[in-house]
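Asker: only geometry, no sequence info:
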């Protein structure tokens, strides 16, 4: 989740609708300037007792961030607390219960992306060895209750934690108990954005199935393969879901802006802190009638902040965010951007992927989205194909897309190898969650604590 580094009060005032749309148009880039941004979260725990460390305790989250500065990261401070780090590899930030996130830099190819991931994991593991901390790559805390988890001292989280129970039953679980891998990608034009949005939104459930990795809640199987994905169905109906309007004629920047204007606000950032505007209307803000800031009109930074508070399966800012995957280990952190880059950054691949999904109805999209968290690759598409069968075909398209990019590393390797972990999942038909469940019912003998040693980074 994004971290404010400055007030934004010197940003230009929003004068009209064109200013709202400009942030999307400013994201347009020629193909040679398209970049890959990868974000990944992980759970932090104490090696001695598997407890989630608090911010302030010795060897806790504050000390973890402080120790990371030895690698050249610069602290970002809010309210006297270090709540994030900035550096050449992007930003390190905290999710609400101390989940540690790398929001990677925009990079040219997947070799750079995987190297960045490797540097980050090496750094946090070195610090973890010093502080007695470990890290889990999963989609959901396997054994923690909400009450066992700390809260980070970040202003926007306090507002969201108060608001979430008003609008859904699982929003606090989303904030406190989930981790994801996300990929951010560029577009050349409004038309290119529309096609990429439609393809990635339609296929987001396939990514959810392939990367499903959250089958446990509070030490027991929860009946889902991606419980993280299920949580979004009962978080906040105003800001989540499949966005049927994306597939309607006329979709573009204006329609997405209208959607965001209808998403209730969480906050505005003023004088180094967050003003609670939860449930209030950005449309009222544009008129100078926001109850939280009477008489004030929004600035560009307010709109940018607001765009980060909707959580659909795919999100538009000045780039497109792929949001469907559970957290996972190093090789799957590299595999997720490979999957989407292969599909979206080669025109032939993008066209072929669109041919696969363009006949799906809105009812198909909703049904698939509902089935996948439980069924994974056993879910079925509109023509009766399982998602395992669909996945094989889509992965072949992605592989061809990466081959066409012809981005080689110093050893002459293409980007296609980063798809190997997901190829194995799709070929076997068994998701990561199902492999964990097999261990739980087998060699772990029902002891979910075994997951700490077997799946830690």
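Answerer: It's in. Note that the structure is predicted; figures quoted are calculated from it, not measured.
Asker: isn't residue 210 right up against residue 422?
Answerer: Yes - Residue 210 is within contact range of residue 422, at 5.2 Å (criterion: CB atoms under 8 Å). C-betas here are computed from N, CA, C, even on glycine.
Asker: what touches both of those two?
Answerer: Residues within reach of residue 210 and of residue 422 at once, by CB atoms under 8 Å, 6 or more residues apart in numbering, are residue 339.
Asker: settle it for me: which of these two has more neighbours?
Answerer: A direct count of neighbours by other CB atoms under 10 Å for residue 210 and residue 422 places residue 210 higher, at 31 against 22.
Asker: ok, now how distant is that one from residue 71?
Answerer: Counting by CB to CB, to the nearest Å, the gap from residue 210 to residue 71 is 32 Å.
Asker: next one: residue 49
Answerer: As for residue 49, its distance to residue 71 is 27 Å (criterion: CB to CB).
Asker: go on, residue 445?
Answerer: In terms of CB to CB, residue 445 sits 40 Å off from residue 71.
Asker: which one's more surrounded, those two?
Answerer: Using other CB under 10 Å, the more surrounded residue of residue 445 and residue 71 is residue 71, with 17 against 9.
Asker: the nearest residue to the more buried one once chain neighbours are set aside: how many residues sit nearby?
Answerer: In space, and not counting its chain neighbours, residue 71 is closest to residue 123: 4.9 Å by CB to CB, 6 or more residues apart in numbering. Residue neighbour count, defined by other CB under 10 Å, stands at 20 for residue 123.
Asker: could you pull up phi and psi at residue 123?
Answerer: Backbone torsions of residue 123, given as degrees, to the nearest 10, read phi -70, psi -50.
Asker: mind pulling up the pLDDT for it?
Answerer: At residue 123, the model reports a pLDDT of 98.
Asker: so how far is residue 89 from it?
Answerer: Residue 123 is 9 Å from residue 89, where distance means CB to CB.
Asker: residue 318 contacts residue 27, doesn't it?
Answerer: Yes - contact criterion CB under 8 Å: residue 318 and residue 27 qualify, at 3.3 Å.
Asker: after the biggest strand by length in the chain, next one along is what?
Answerer: For the chain, the strand reaching the highest residue count under DSSP state E is reported as strand 36-46. Note on strand 36-46: by DSSP states H and E, the next helix or strand toward the C-terminus is helix 61-68.
Asker: elements contacting that next one?
Answerer: Helix 61-68 is packed against strand 81-87, strand 90-94, helix 110-131, with contacts defined by 3 or more CB pairs under 8 Å, 6 or more residues apart in numbering; DSSP states H and E.
Asker: hmm, who's touching it?
Answerer: 44, 53-56, 75, 81-85, 92, 94, 98, 100, 123-124, 127-128, 130-131, 133, 150, 152.
Asker: so how far is that helix off the chain centroid?
Answerer: 23 Å (CA atoms, centre = their mean, to the nearest Å).
Asker: quick check: next helix or strand after that helix?
Answerer: Taking DSSP H and E as the definition, the helix or strand right after helix 61-68 is strand 74-78.
Asker: give the pairing partners of that next one; include direction for each.
Answerer: Sheet pairing of strand 74-78 (DSSP bridges) gives strand 81-87 (antiparallel).
Asker: between the partner strand and strand 90-94, how many degrees?
Answerer: 160 degrees (axes from the mean of the first three to the mean of the last three CA atoms, to 10 degrees).
Asker: pLDDT weak spots in this protein?
Answerer: Judged by pLDDT under 70, the chain has its weakly predicted residues at 1-9.
Asker: what do you get if the cut-off is 90, keeping everything else the same?
Answerer: Residues of the chain meeting the criterion pLDDT under 90: 1-11, 272, 383, 454-455.
Asker: nearest residue to the residue of it lying at maximal distance from its centre other than its sequence neighbours?
Answerer: Going by CA atoms, centre = their mean, the residue of the chain most distant from its centre is residue 295, 34.8 Å out. Distances taken as CB to CB, 6+ apart place residue 288 nearest to residue 295, at 5.6 Å, with adjacent residues excluded.
Asker: just residue 443 next, same as before
Answerer: Here the residue nearest residue 443, using CB to CB, 6+ apart, is residue 450, at 7.8 Å.
Asker: for residue 128, same thing?
Answerer: Excluding the flanking residues, the one nearest residue 128 by CB to CB, 6+ apart is residue 134, at 5.9 Å.
Asker: quick one: which helix or strand includes the one you found?
Answerer: Using DSSP H and E, residue 134 falls in strand 133-136.
Asker: now the one helix or strand residue 371 maps to: buried residues?
Answerer: Using DSSP H and E, residue 371 falls within helix 362-375. For helix 362-375, a neighbour-count test (16 or more other CB atoms under 10 Å) marks 365, 367-369, 371-375 as buried.
Asker: sorry, back to before: just name the most buried of the helices and strands packed on helix 61-68.
Answerer: Burial of these is given as mean neighbour count (mean count of other CB atoms under 10 Å); strand 90-94 ranks first at a mean of 23.
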